[in-house]
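Asks: model the structure of this input:
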Amino acid sequence: FPVAFLLSGIIAGAILSQAVWLGGVGWPSALTVPTYSASSLGSVSLGFVKETEFTFTVIPLEDDAYYEIIPLGNLGPPGHTFPSDHIYFVLNDGVYNVRAPADGVIIEIENCTEEGASYQDYSLFIKHTDTFKSYFYHLSGVADWIISQTGEIEVGWGGVEVNIPVKAGDIVGVASKQPGGSVCLDWGAIDYEVTLSFIHPETYYPDAAHAVCPLDYLEGSLKEKAYSKVNRVGEPKGGKIDYDMLGRLSGNWFLEGAEPCIWNWSTQLAFVYYVHNASQMVVSVGGDLLSPLPVGVFNATGPDFREVSAEDGVVTYYLVGQEPSELKGQQYTLIVQVIGSEKIKVEAFEGHQEGLTFTEKAKTYTRTGPYGPTCDQGPMLGQPALSALATLYYVQYYSSHQQAVTLYVAACGVAAAAAAATFIILKRMR
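Replies: As a prediction, the model looks like this:
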């Protein structure tokens, strides 16, 4: 009997863990998102198996709706202190239909409209295959045919989980410039078969480690058409967000000792490259911790971030304000020292100065950010069982298929063994 109990526990555990794995957005979608076959994609089966290369067959906006595309990696501290993981269609005046770029299932809609705003602001997420999804931010409205199925969507972070099939070219909403808000339609794509080179991908929001440029997934002629409007010099043309290099200055940094499980922009600092010019070094500052250096983006002159290591000692960068506009031309000096493989010491000074040394105002930054399997990014944690679910949740995003399967089996086996042991102990106590 204990053996049968053990086996049934393993089977049940495997089914439940697989449900969490396949859903990715919680129990309801884990159990209700259907399989489907689209002629443009080939046959897609559950289990994170991609049988054909995925392509978008529709550009979401008509050509006259926008005059420029900003690729991956845009900076806009504090909200985008790190390079942004989506692209932007810079809109012309007017209201424009937004179309689904490929067949899929709408899995979530969020009403992000700010209190008192004179415009509507929605986000919409589409699951195209078991390993690929796309999304829009800053929709000015959601299509009536969708609202007829969801009802009015209340304002609030977290969104409404839905299960609405959609075909390539279907109108899913509208986009327009938002007075006092965004002048762009944001388009993002997540490919779980791609993992970016962040040193600690688990320290970011789960999808960030798999963000890709959606333009790269457009079919031939559409890709060429879209890229003709991309404002960027240098490669990759679609932009880049993962500049981390172990033991080097390049990439994203978090203030050492920052509060865990809180995504705090003021603790973030990035040594990256300008979204419109891949050769221009920039420093992105999310808070005032490096005062007198304010929040903003600064052109940097000095050694290439990708070449600076602990062997270089204290390195000096001369900064000139770039964004926001009120910082244009303002000058600062930043001294930096790489310490080991995952730590830096930083201090800022007004104006352009030489011969600077660190003072007691210097700050230390590390590669390890606030998030991880022990953080609450949803309705979990606090109980051992929920902590286990959290671990499985993170494995889905940060491990390979084989690693995930291995851990799932091991986790199910341990859980089943513990259950069997508990059963035997309770039986003997009777």
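
Asks: poorly predicted segments of this protein, please.
Replies: Counting by pLDDT under 70, the chain has low-confidence residues at 1-52, 157, 372-430.

Asks: that one: helices as residue ranges?
Replies: Remark: helices assigned in the chain by DSSP state H are 2-23, 27-32, 144-150, 220-227, 384-398, 401-429.

Asks: count of residues packed around residue 172?
Replies: 23 (other C-beta atoms under 10 Å). Any C-beta I mention is one placed from the backbone N, CA and C, and that applies to glycine too.

Asks: contacting residues for it?
Replies: 98, 99, 100, 106, 124, 126, 136, 139, 142, 143, 146, 166 (C-beta atoms under 8 Å, 6 or more residues apart in numbering).

Asks: wait, residue 181 touches residue 139, no?
Replies: No. Using C-beta atoms under 8 Å as the test, residue 181 is too far from residue 139 to be in contact (11.7 Å).

Asks: the two: who's more crowded?
Replies: Remark: of residue 181 and residue 139, residue 139 carries more neighbours, 24 against 17, as counted by other C-beta under 10 Å.

Asks: quick check, the more buried one in contact with residue 124.
Replies: Yes. With contacts defined as C-beta under 8 Å, residue 139 counts as touching residue 124 at a distance of 6.1 Å.

Asks: tell me, what's touching the two both at once?
Replies: By C-beta under 8 Å, 6+ apart, the residues touching both residue 139 and residue 124 are 172, 173.

Asks: where exactly do the strands run in the stretch 251-400 of the chain?
Replies: 251-255, 268-273, 281-285, 296-301, 314-323, 331-339, 343-350, 363-366 (DSSP state E, counting those that start in this stretch).

Asks: hang on, the earlier thing: next step: the contacts of residue 172 restricted to strands.
Replies: Residues of those located in strands (DSSP state E): 98, 99, 106, 124, 126, 136, 139, 142, 166.

Asks: skipping its backbone neighbours, what lies nearest the last one in space?
Replies: Closest residue in space to residue 166, ignoring its immediate chain neighbours: residue 100 at 4.6 Å, by C-beta to C-beta, 6 or more residues apart in numbering.

Asks: mind checking how far the one you found is from residue 249?
Replies: Noted for residue 100: a distance of 41 Å to residue 249, by C-beta to C-beta, to the nearest Å.

Asks: picking up where we left off before, tell me which of the strands of the stretch 251-400 of the chain sits nearest to residue 215.
Replies: Counting by C-beta to C-beta, residue 215 lies closest to strand 268-273 out of those; the figure is 18.6 Å.

Asks: measure the most centrally placed residue in the chain to residue 201 for me?
Replies: Nearest to the geometric centre of the chain sits residue 208, at 2.5 Å (C-alpha atoms, centre = their mean). In this view, residue 208 and residue 201 are 7 Å apart by C-beta to C-beta.

Asks: cool, residue 347 as well?
Replies: For residue 347, the distance to residue 201 - C-beta to C-beta - is 29 Å.

Asks: likewise for residue 65?
Replies: Applying C-beta to C-beta to residue 65 and residue 201 gives a distance of 34 Å.

Asks: now do residue 241
Replies: Residue 241 sits 12 Å away from residue 201, going by C-beta to C-beta.

Asks: which one's more surrounded, these two?
Replies: Ranked by neighbour count (other C-beta under 10 Å), residue 241 and residue 201 place residue 241 first, with 26 against 19.

Asks: with adjacent residues omitted, what lies nearest to residue 223?
Replies: Of all residues not flanking residue 223 in the chain, residue 215 sits nearest, at 6.2 Å (C-beta to C-beta, 6+ apart).

Asks: swap that for residue 214, sorry
Replies: In space, and not counting its chain neighbours, residue 214 is closest to residue 189: 3.9 Å by C-beta to C-beta, 6+ apart.

Asks: do the same with residue 179
Replies: Closest to residue 179 by C-beta to C-beta, 6+ apart is residue 118, at 5.6 Å.

Asks: same question for residue 290.
Replies: Per C-beta to C-beta, 6+ apart, closest to residue 290 is residue 348, 4.3 Å.

Asks: residue 205 touches residue 371, doesn't it?
Replies: Yes. If you go by C-beta under 8 Å, residue 205 and residue 371 touch, sitting 7.0 Å apart.

Asks: the two: who's more crowded?
Replies: Using other C-beta under 10 Å, the more surrounded residue of residue 205 and residue 371 is residue 371, with 22 against 13.

Asks: need the nearest residue in space to that one, chain neighbours excluded.
Replies: residue 203 (5.4 Å).

Asks: quick check: the gap between the one you found and residue 242.
Replies: From residue 203 to residue 242 the distance is 13 Å (C-beta to C-beta).

Asks: between these two, which one's more packed in?
Replies: The residue with more neighbours, out of residue 203 and residue 242, is residue 242; 23 against 19, by other C-beta under 10 Å.

Asks: how about that one, what does it touch?
Replies: 196, 197, 198, 251.

Asks: what is the neighbour count of the second one?
Replies: Pointing back at residue 197 there. 14.

Asks: next one: the third one
Replies: Using other C-beta under 10 Å as the criterion, residue 198 is surrounded by 21 other residues.

Asks: I'd say it and residue 244 touch.
Replies: Yes. If you go by C-beta under 8 Å, residue 198 and residue 244 touch, sitting 5.2 Å apart.

Asks: please enumerate the shared neighbours of those two.
Replies: What both residue 198 and residue 244 touch, as defined by C-beta under 8 Å, 6+ apart, is the set 251, 252.

Asks: and residue 102, what are its phi and psi?
Replies: phi -160, psi 170 (degrees, to the nearest 10).

Asks: how about the strands in the stretch 101-250 of the chain?
Replies: 104-111, 122-129, 132-139, 141-142, 160-166, 171-175, 184-191, 211-212.

Asks: in the sheet, which strands lie alongside the last one, parallel or antiparallel?
Replies: Taking DSSP bridges as the criterion, strand 211-212 forms sheet pairs with strand 184-191 (antiparallel).

Asks: with the fifth one instead?
Replies: The strands beside strand 160-166 in its sheet (DSSP bridges) come out as strand 104-111 (antiparallel).

Asks: likewise for the third one?
Replies: Within its sheet, and counting by DSSP bridges, strand 132-139 is paired with strand 122-129 (antiparallel), strand 184-191 (antiparallel).
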